[in-house]
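Below are the sequence and a predicted model for it; my questions follow.
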Number of protein chains: 2
Amino acid sequence: MKNVSIALLGCGTVGKGVVDLLAMNGPLIEEQLDTKINIKRVLIRDLNKYEQMEDLPDSIQFTTDFNDIIDDDEIEIVVEVMGSADFAKDCIEQCFLRGKSVISANKDLIADYGIPLLKLSQQHNVDFQFEASVAGGIPIVRPMYSSLNSNRIEEIIGIMNGTTNFILSNMTAHGSSYEDVLKEAQEKGYAEADPTNDVSGYDAARKIAILATLGFHSAVTFNDVHVEGIENIAKEDIEHATEMGYVIKLLAIARQDEDGISLNVHPSFIRKGHPLANVDGAYNAVCVRGNCVGDVMFYGQGAGSLPTASAVVSDVMNVILHRNLQMTGKRGYVWHEAKLKPQADIASPYYIRMIVNNAPGVLAAVSKVLAENNISIRSLIQKDETAEIAEIVILIDKSAAGLVQASLQKIEELSCVRKIANAIRVIEV
Amino acid sequence: MKNVSIALLGCGTVGKGVVDLLAMNGPLIEEQLDTKINIKRVLIRDLNKYEQMEDLPDSIQFTTDFNDIIDDDEIEIVVEVMGSADFAKDCIEQCFLRGKSVISANKDLIADYGIPLLKLSQQHNVDFQFEASVAGGIPIVRPMYSSLNSNRIEEIIGIMNGTTNFILSNMTAHGSSYEDVLKEAQEKGYAEADPTNDVSGYDAARKIAILATLGFHSAVTFNDVHVEGIENIAKEDIEHATEMGYVIKLLAIARQDEDGISLNVHPSFIRKGHPLANVDGAYNAVCVRGNCVGDVMFYGQGAGSLPTASAVVSDVMNVILHRNLQMTGKRGYVWHEAKLKPQADIASPYYIRMIVNNAPGVLAAVSKVLAENNISIRSLIQKDETAEIAEIVILIDKSAAGLVQASLQKIEELSCVRKIANAIRVIEV
């Protein structure tokens, strides 16, 4: 049996998961590869903390100095599970320069620098893999480039953030407010003390940027994604969605047609009965539409120590296989410049909720603005809230985002309209 | 750009799909591989038929003689999409002997001879791939051995036969009888004139044998699968399932624990809300449980010309990649002897429906038999059908199949019991 030494950068939730998984499944993995995997060194911040941790093999050498790893020629493969972007990037680049292949679970890094890093890895004939950067344990990165690659990918739609899915699922199940469920999620550890990265959609945006890069063979990054979070979703929006036969989900959506690529993360009405509508709680799901395969969906746990480690170690196995077959760094990838569609042109039906004066003529004024902008009304409900104010809920037919924004601005300027409470896209899949 | 010549054995639904897909997506595929794919020869049964077909590139040479293909040294890759088992096996073996890699979509063949063929391919240093043999376009074969391989796979549960899923979905949706829906399915072309292979569960059994081989690293074949079909599912069973919060699906189930492997195909009660319960019509889904990744599900179209061709061509791309990197035939696979669990030991809860005399003492007699066999009743409904007969529906707790069969035989021998109408396993996932 061959031997390979690897190092971990970081030993937090995912890093510890990798150590645990290799302890649990080592013999099965090593038999498949005919290679023994030795975790030789682990980079950590605080030696005291890890010396007190249990269940770590004695053979692992912990260090706070990255040089101990980069200078160790026996280490051929480095697993980056730190999470921070700048230091991780620097470490990974140094690994490439020294001929070490890298596995990373770092979506922040890959969403911004995935292509430059892949190019650098190829220049130095090493592997760079990152299955765990999207949707935790769900196999989606490798299937995208090695199973669905016979297709022109037209659409990728995913629920790829567990925190927001937990919040929206709970708001729907219990009729609770956003604030109450966020607080509960924070108490249970499902949401960070500063939840911005999740609730504002940035986390999902990073993941869709990575998938779109691979699926569309296009150089897109996090900055190309138009992002809206779930902070503005009210109990009332959830209630209306339920009444109308929809569920509200934070969707990450990448589309490609002859006019270009669109990348969006936003809360969305999705019809009950659609496979994505049933993805609850901490689960993730990604639907991919190929021009030949049609719709395929991948579903599973999008986070967690062992599920994420499952993806990391499958990359380690892949890299070891390449090493043993002398094909390290030899797989080519193809990218083009991304042609992005103007955000204002992206059309969909919308749900619009507004608070208006409870007075005659309001409906006429609102619908006049829509008619002037050629926006067609699919359905409309008006409910009197008090003697003074009423709520209007409108579903409009597929309309361009720019046109909808301009119309809503004009409607908000009407003296009889108090505010546009929300405008949420309806996803027709 | 490099060049590779391939041949197709067969040009039916899937073969034509491969031709069409390469016509549609050729440039995208060739760019990824830096290799031009030339379909040089196609083996068919009747030259007249294909000369009349439209949309076939002029460059393809059709032949009815397999020797034209096997003797053509320019052809490096052969795509077997005929479907028949014996002739296909012979052709594939000859390809291996002559150094040609093979892609096959032939589940009948692979469920019986997958491991011997893989071994033969390795002896001759060629590739043998068969993604399309399970669940059409859904990527599951390659993800099983190259993404989920860091896990000990504990369970594979799938809806992998479109015909039976169409029949059961329609019986549920419209309250129709099995016979009526089967007839409708035959008229619409969803079921064959002789539907045995589908409705008896043989097709699903072949697919689960292939997945279990890969997932469990165990040499299992079609003959190791215990199979029950859907022919005995009555309207009444569907109605009871619906009332009790379940859906009936034909599930293919492979499980592995320290006691061994079990392989089953049978109709199953599955709770509404489970992701598999929502897989309707012609869609397929496969749930895989790994000891680290937890549950992951793969969902999509399980058949059809272009979806199946998507899987075939992704294999072709993989084989070309291996060829270009000089690693053809070099990937190793590991198998052990399969230790199969006795079928009688496999335990699950059951739904049992029986027709009895409408007379005092029946319930006491039936429940006495169950009690004597230590089978615990979870719920029981008795409905009078007429003055003479009644229907009893029992849900029993998890019990071994052997014990259930023995008990049901004793119950059927009771003079007050007219017949055991059905006994269907309840799947707790």
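Received, thanks.

CA atoms for contacts and neighbours, from now on please.
Noted.

Could I get the pLDDT score of the closest residue in space to A:Ser177 that isn't next to it in sequence?
Once flanking residues are discounted, A:Ser177 sits nearest to A:Lys235: 5.3 Å by CA to CA, 6 or more residues apart in numbering or on different chains. What the model reports as pLDDT for A:Lys235 is 96.

do the same with A:Gly332
86.

which residues does it contact?
A:122, B:32-33 (CA atoms under 8 Å, 6 or more residues apart in numbering or on different chains).

still on that earlier bit, can you count the residues close to the residue nearest to A:Ser177?
17 (other CA atoms under 10 Å in any protein chain shown).

That one is in contact with A:Tyr178, isn't it?
Yes: counting by CA atoms under 8 Å, A:Tyr178 is a contact partner of A:Lys235 at 7.2 Å.

Touching both of these two, which residues are there?
With CA under 8 Å, 6+ apart, A:Lys235 and A:Tyr178 have common neighbours A:Met171.

ok, which stretches of the stretch 1-150 of chain A are strands?
A:2-9, A:35-43, A:61-63, A:75-80, A:101-104, A:128-129 (DSSP state E, counting those that start in this stretch).

The shortest one and chain B, any residue contact?
No: applying CA under 8 Å from any CA of the partner chain, one finds that strand A:128-129 is not in contact with chain B, the shortest distance being 12.1 Å.

In its sheet, which strands sit next to that strand, and in what direction?
On the basis of DSSP bridges, the sheet neighbours of strand A:128-129 come out as strand A:101-104 (parallel).

likewise the second one?
Sheet pairing for strand A:35-43, assigned by DSSP bridges, gives strand A:2-9 (parallel), strand A:61-63 (parallel).

just the strands of the stretch 1-150 of chain A: most buried one?
strand A:101-104 (a mean of 27; mean count of other CA atoms under 10 Å in any protein chain shown).

Might one say that A:Ile210 is in contact with A:Ala219?
No: between A:Ile210 and A:Ala219 there is no contact under CA under 8 Å: 9.4 Å.

Compare those two (neighbour count), which wins?
A:Ile210 (27 against 21).

and the more buried one, what does it touch?
A:Ile210 sits in contact with A:107, A:110-111, A:114, A:134, A:220-221, where contact means CA under 8 Å, 6+ apart.

Does A:Ser121 touch A:Arg331 like I think?
No: assessed by CA under 8 Å, A:Ser121 is found out of contact with A:Arg331, at 10.7 Å.

Compare these two (neighbour count), which wins?
A:Ser121 (26 against 17).

what's near enough to touch the more buried one?
A:96, A:101, A:127-128, A:329.

okay, it: pLDDT?
pLDDT at A:Ser121 comes out at 97.

Tell me the spacing between it and chain B.
17 Å (CA to the nearest CA, to the nearest Å).

same check, this time on A:Val220
Taking CA to the nearest CA, one finds A:Val220 at 18 Å from chain B.

That residue against A:Ala212, yeah?
Yes: A:Val220 lies in contact with A:Ala212 (CA under 8 Å); the separation is 7.1 Å.

the more surrounded of these two?
A direct count of neighbours by other CA under 10 Å for A:Val220 and A:Ala212 places A:Val220 higher, at 29 against 26.

Leaving out chain neighbours, which residue sits closest to A:Tyr256?
Actually, residue A:256 is Gln. It isn't Tyr. Distances taken as CA to CA, 6+ apart place A:Glu154 nearest to A:Gln256, at 5.1 Å, with adjacent residues excluded.

which residues touch the one you found?
A:255-257, A:288-291.

same check, this time on A:Ala401
A:343-348.

Chain neighbours aside, what residue packs nearest to it?
Using CA to CA, 6+ apart, the nearest residue to A:Ala401 is A:Ala344, at 4.8 Å.

Tell me the secondary structure of the one you found, please.
Secondary structure state of A:Ala344, per DSSP: H, G, I helix; E, B strand; the rest coil, is helix.

What is the burial count for it?
14.

Next up, the contacts around it.
Taking CA under 8 Å, 6+ apart as the test, what A:Ala344 contacts is A:400-403.

related to what we said a few turns ago, farthest-separated two in the contacts of A:Ser121?
Maximum pairwise distance in these, criterion CA to CA, is 10.3 Å, between A:Phe96 and A:Gly329.

Give me the common contacts of the two.
Contacts common to A:Phe96 and A:Gly329, judged by CA under 8 Å, 6+ apart, are A:121, A:124, A:126.

JSON lines for these, including distance to B:Thr196?
Output for the shared contacts of A:Phe96 and A:Gly329, formatted as JSON lines (distance: CA to CA, whole Å):
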{"residue": "A:Ser121", "distance to B:Thr196": "53"}
{"residue": "A:His124", "distance to B:Thr196": "56"}
{"residue": "A:Val126", "distance to B:Thr196": "52"}
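
Closest one to A:Ser169 out of the residues you listed, please.
A:Ser121 (40.5 Å).

so where do the helices sit in chain A?
Secondary structure of chain A (DSSP state H): helices located at A:13-33, A:47-51, A:66-70, A:86-97, A:107-123, A:141-146, A:162-174, A:178-188, A:196-199, A:202-215, A:235-243, A:305-324, A:362-372, A:401-413.

what residues does the stretch 301-429 of chain A put near chain B?
A:301, A:306-311, A:313-315, A:317-318, A:321, A:325, A:327, A:330-334.

Residue numbers of the stretch 51-200 of chain A in contact with chain B?
Residues of the stretch 51-200 of chain A lying near chain B (CA under 8 Å from any CA): A:137-139, A:142-143, A:146-152.

Of those residues, select the buried ones using a PyMOL command.
Buried members of those, defined by 16 or more other CA atoms under 10 Å in any protein chain shown, are picked up in PyMOL with:
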select buried, chain A and resi 137+138+139+142+143+146+147+148+149+150+151+152
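
Quick check: the gap between A:Val288 and A:Ile153.
7 Å (CA to CA, to the nearest Å).

Between those two, which contacts overlap?
In contact with both A:Val288 and A:Ile153: no residue, using CA under 8 Å, 6+ apart.

Got the confidence number for the residue nearest to A:Leu148 when sequence neighbours are not counted?
Spatially, and ignoring its direct neighbours in sequence, A:Leu148 is nearest to B:Ser314 (6.7 Å; CA to CA, 6+ apart). Looking at B:Ser314, its pLDDT reads 98.

Distance of B:Ser314 relative to B:Gly17?
For B:Ser314, the distance to B:Gly17 - CA to CA - is 13 Å.

Settle it for me: which of the two has more neighbours?
Counted by other CA under 10 Å, B:Ser314 and B:Gly17 do not tie: B:Ser314 has more neighbours, with 28 against 22.
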